[in-house]
Every structure is written in C-alpha cells, then in structure tokens.
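Participant: I would like the atomic coordinates for the input below:
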Amino acid sequence: MAKPDYIDSPSWNASNIYFHLGSEFLIGHFGLDIEGGLNLYKPFYKEYYETHGSSNELKYKLKKYFSSRMGLNFYIINTNKLPKNNFFIGANINANFGQADFTELNFGYMYTFL
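Facilitator: Numbering: from 1, shown residues only. Model (predicted):
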C-alpha cells in the first residue's frame, strides 16, 4: 500500500533529478553513448528498494546515488561527413550502480554549431 505522501503528489514523487556526464563515440552512422552520474533527488527509490531489494544498506546507498546510461544511436547521415543537421533513432539502457532499471527508445535531432 502506497504511503499518503506519495499519493498527494504522485508526479513529483515519481521524479528523478540527476546530474550526468557522458560521451558519444561516433563511427559512421552509429554512435555509442555512455553516461554516468549522480541522482540528486529520487524520493520513491527507498520504497521501491524496501519492496524489491535486499537488506544490504551499502547496496541501497550505491544504487540510490549512482546511475549510468548506455546506448546506441543510428544517424541518418554518416557522421564522418560532419553534417550540420542530422536525425537519429536510438536505444538506451539505464541502470542504478550497474543493475538495469529501464530501457528507452529515442528519436532525435542533432545540430552542430561548428
């Protein structure tokens, strides 16, 4: 049963505020995207971990604060040609300290300022 404070503002309590740094390695039409970061605000994770995790306090802290993301993007125009405008489709897997959390499908547009 969900706690009343989660019910009062479900969108905010299901949110995650994080800081990520990453890099994308471009090879022709493909890009390997790797990111790592810190979760700054993730209120529901404690409830989730109590229901689905172990009782190890160290694992809980590491998974609550350290996040990562890795994915593969496919660019319409070959990136070796250094296009100013390019569209891509990609798939990523997101993790909490190395344990997979969820996947995402991306559609995007890239503009190069150089």
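Participant: C-alpha only now, for contacts and for neighbours.
Facilitator: Noted.
Participant: who's sitting farthest from the centroid in this structure?
Facilitator: Going by C-alpha atoms, centre = their mean, the residue of the chain most distant from its centre is residue 81, 28.5 Å out.
Participant: relative to residue 56, how far out is that residue?
Facilitator: Distance of residue 81 to residue 56, computed by C-alpha to C-alpha, to the nearest Å: 50 Å.
Participant: go on, residue 44?
Facilitator: Distance from residue 44 to residue 56, by C-alpha to C-alpha: 18 Å.
Participant: between those two, which has more neighbouring residues?
Facilitator: Taking neighbours as other C-alpha atoms under 10 Å, residue 44 and residue 56 compare with residue 44 leading, 16 against 8.
Participant: in a strand, residue 95, correct?
Facilitator: Yes - looking at residue 95 with DSSP: H, G, I helix; E, B strand; the rest coil, it is inside a strand.
Participant: okay, strands next: where are they in the chain?
Facilitator: For the chain, the strands defined by DSSP state E occupy 17-27, 30-41, 66-75, 85-96, 99-111.
Participant: can you spell out which helices and strands pack onto the last one?
Facilitator: The one in question is strand 99-111. Counting contacts by 3 or more C-alpha pairs under 8 Å, 6 or more residues apart in numbering; DSSP states H and E, strand 99-111 packs against strand 85-96.
Participant: again, only using 10 Å
Facilitator: strand 66-75, strand 85-96 (3 or more C-alpha pairs under 10 Å, 6 or more residues apart in numbering; DSSP states H and E).
Participant: just list whatever residues bridge to residue 36.
Facilitator: residue 21, residue 68 (DSSP bridges).
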